[in-house]
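Novice: just coords:
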């Protein structure tokens, strides 16, 4: 019996029961009930406000949906016009690119021709300078000069 320590266990049980009685006192239980009632009332008010807000949101969404439905033809027309404009822009860009390539080829051809013309002008200028120098040194040769010897051609 001494090892079972029944006296100590009995004292612990009495202390536990006293704590339970103190915790379960009528005043304490009433206070707890009032707190629960207050929490439930606050929860009800919160739920009512949430329901009101959801109702307002439903109304706003309904208005938004009606605006979308009312403007659907305009939106569809605008989207179609944008698609048409995009296609025209694409065609214009392709045509512009082809025109640019053609202009580049034309410019290259003109550059080649101008280069050849510049070379011809340079040769002509050199020949004219030689002629002017020759006429300056011997002016009579211009009027009385002998023609150049004929070229020999192969038959």
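Specialist: That came through, no problem. Computed from a prediction, not measured in an experiment: that's the story for all the values here. Residues are numbered from 1 along each chain as shown.

Novice: Mind checking the pLDDT average for the host helix or strand of residue 112?
Specialist: Using DSSP states H and E, residue 112 maps to helix 26-137. Mean per-residue pLDDT for helix 26-137: 91.

Novice: helices and strands around that helix, which ones?
Specialist: Here helix 26-137 touches helix 140-144, going by 3 or more CB pairs under 8 Å, 6 or more residues apart in numbering; DSSP states H and E. Backbone N, C-alpha and C define where each C-beta goes, glycine included.

Novice: what sits up against the helix it packs on?
Specialist: Residues outside helix 140-144 that contact it (CB atoms under 8 Å, 6 or more residues apart in numbering): 134-135.

Novice: and what of stretch 70-82?
Specialist: Stretch 70-82 has contacts (CB under 8 Å, 6+ apart) with residue 68.

Novice: Now do the buried residues in that stretch.
Specialist: Within stretch 70-82, no residue counts as buried by 16 or more other CB atoms under 10 Å.

Novice: gap between residue 94 and residue 81?
Specialist: Relative to residue 81, residue 94 is positioned 20 Å away (CB to CB, to the nearest Å).

Novice: again with residue 87
Specialist: Distance of residue 87 to residue 81, given as CB to CB: 11 Å.

Novice: What of residue 36?
Specialist: From residue 36 over to residue 81 the distance is 64 Å, taken as CB to CB.

Novice: Kindly report the same for residue 60.
Specialist: Noted for residue 60: a distance of 30 Å to residue 81, by CB to CB.

Novice: chain center to stretch 85-95: distance?
Specialist: For stretch 85-95, the distance from its own C-alpha centre to the chain's C-alpha centre is 20 Å (CA atoms, centre = their mean, to the nearest Å).
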